[in-house]
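**Q** sharing a sequence plus its predicted fold:
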Amino acid sequence: MTQKELSQQIKLKKSFLCVGLDIDLEKIPPHLLQEEDPMFAFAKAIIDTTHDLCVAYKPNTAFFEAYGVKGWQSLEKTIQYLNKNYPDHFTIADAKRGDIGNTSTRYAKAFFEDLNFDSVTIAPYMGKDSVEPFLEFEDKFAILLALTSNAGAFDFQTKTIDRLPLYQQVLKTTSQYKNSERLMYVVGATKAEYLQDIRKIVPDSFLLVPGVGAQGGSLEEVYKYGANDQVGLLVNSSRGIIYASQQEDFAEAARAKAMQMQVEMATLLRL
Ligand SMILES: O=c1ccn([C@@H]2O[C@H](COP(=O)(O)O)[C@@H](O)[C@H]2O)c(=O)[nH]1
């Protein structure tokens, strides 16, 4: 998918919602545990009931990897289901990868060629030669961790290096990488007040913003400080949507939560 197509979907659906698939077998409704593949059954039900309200899905690979081969197969089935049935949705493998060049190339092949995700999240810490292999794939995106939503973000990301906070160095430096038009950035909703400064450095880049819902970030503030003229935002909510109910009505409850966010987004988009 291209950035232009993603922006068109946002306008069409009046939504910049990304539904996070952080599927925890201890939290899904107990009746699903009788299914042959409970993780996929849960993912499918959530996707089928929320697809018209969101523009992106973000399976967090840790939740699948935790179950070994079976978990990876559930991830494979989930992305295949999305690509076959909902090809207009932007897909994000939240895997937070990045390594020396030849290893990054293997990660990129795994997520872009084998699994056919549109994007993968990357830790920028190892620098240019660890990121650029992900940028060699046409219409695929590397989403770099810039300023994360967790408290530990203040350990390193806001520390000053050469008169700039590290997260700003990440934005500036990576904007010069080869094929940098294939970069997007993660900025936590819990740090919405930083978005104005971030937009001065990367005015046109898409930002993936986790941290609304369960982590307490404000959608309104994210939009106010982070939107550009094409919107340029994907706001993620995982637990707040997918675990709205842990009973048999879980899919309808997830839809109601997703709709609440979409309605709020549509209102913001009209302002
Ligand atoms: O800075 C970051 C980067 C990634 N995440 C991920 O997003 C979701 C958030 O889940 P919620 O349940 O909506 O809190 C999860 O997969 C995180 O690993 C993040 O939260 N912050």
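**A** Good, I have the coordinates. Numbers count the residues shown, from 1 in each chain.

**Q** use CA for all of it now, contacts and neighbours both
**A** Fine.

**Q** enumerate every residue touching M259.
**A** If you count contacts by Cα atoms under 8 Å, 6 or more residues apart in numbering, M259 has them with L53.

**Q** name the element it belongs to?
**A** helix 250-270 (DSSP states H and E).

**Q** can that helix be said to contact the ligand?
**A** No - counting by Cα under 6 Å from any ligand atom, the ligand has no neighbours in helix 250-270; the shortest distance is 11.9 Å.

**Q** distance check, whatever residue of the stretch 101-250 of the chain ends up closest to the ligand against K257.
**A** Using Cα to the nearest ligand atom, the single residue of the stretch 101-250 of the chain nearest to the ligand is T148, 3.2 Å away. As judged by Cα to Cα, to the nearest Å, T148 and K257 stand 24 Å apart.

**Q** ok, and for stretch 238-249, which residues are buried?
**A** S238, R239, G240, I241, I242, Y243, A244, S245, Q246 (16 or more other Cα atoms under 10 Å).

**Q** cool, stretch 75-90 as well?
**A** Buried, per 16+ other Cα under 10 Å, within stretch 75-90: 75-83, 86, 88-90.

**Q** same deal with stretch 33-53?
**A** 38-44, 46-47, 49-53.

**Q** the helix or strand of the chain with the lowest mean pLDDT pairs with which strands, and in what direction?
**A** Lowest by mean pLDDT, DSSP states H and E among the helices and strands of the chain is strand 160-161, with a mean of 96. Paired neighbours of strand 160-161 in the sheet (DSSP bridges): strand 164-165 (antiparallel).

**Q** tally of neighbours for R97?
**A** 20 (other Cα atoms under 10 Å).

**Q** please tell me how far it sits from the ligand.
**A** 12 Å (Cα to the nearest ligand atom, to the nearest Å).

**Q** that residue contacts Y107, correct?
**A** Yes - contact status for R97 versus Y107: in contact at 7.3 Å, counting by Cα atoms under 8 Å.

**Q** still on that earlier bit, restricted to helices, list the buried residues of stretch 33-53.
**A** Members of the buried residues of stretch 33-53 lying in helices (criterion: DSSP state H): P38, M39, F40, A41, F42, A43, K44, I46, I47, T49, T50.

**Q** how about the residues of this protein near the ligand?
**A** Going by Cα under 6 Å from any ligand atom, the residues of the chain near the ligand are 22, 60, 148-150, 188, 210-211, 213-215, 237-240.

**Q** on the three-state scheme, I143 is what?
**A** Of the three states, I143 takes strand under DSSP: H, G, I helix; E, B strand; the rest coil.

**Q** that one pairs with what?
**A** Going by DSSP bridges, I143 forms beta bridges with T121, M184.

**Q** pull the number of nearby residues for it.
**A** Neighbours around I143, by other Cα under 10 Å: 26.

**Q** for the residue of the stretch 101-250 of the chain closest to the ligand, give me its contacts.
**A** V186, V187, G188, K191.

**Q** nearest residue to the last one in space, please, no chain neighbours.
**A** Leaving aside its sequence neighbours, K191 sits nearest to S149 (Cα to Cα, 6 or more residues apart in numbering; 6.6 Å).

**Q** surely that neighbour and A192 touch.
**A** No - S149 is beyond contact range of A192, at 9.5 Å (criterion: Cα under 8 Å).

**Q** pull the residues that contact the helix or strand harbouring T173.
**A** Assigned by DSSP H and E, T173 belongs to helix 166-174. Under the criterion Cα under 8 Å, 6+ apart, residues 124, 128, 146-147, 156-161, 180, 198, 201-202 lie in contact with helix 166-174.

**Q** ranges for the helices of the stretch 1-150 of the chain?
**A** Taking DSSP state H, counting those that start in this stretch as the test, the helices found in the stretch 1-150 of the chain are 3-13, 38-50, 61-65, 68-85, 101-108, 128-131.

**Q** could you check the angle the second one makes with helix 250-270?
**A** In terms of direction (axes from the mean of the first three to the mean of the last three Cα atoms, to 10 degrees), helix 38-50 departs from helix 250-270 by 40 degrees.
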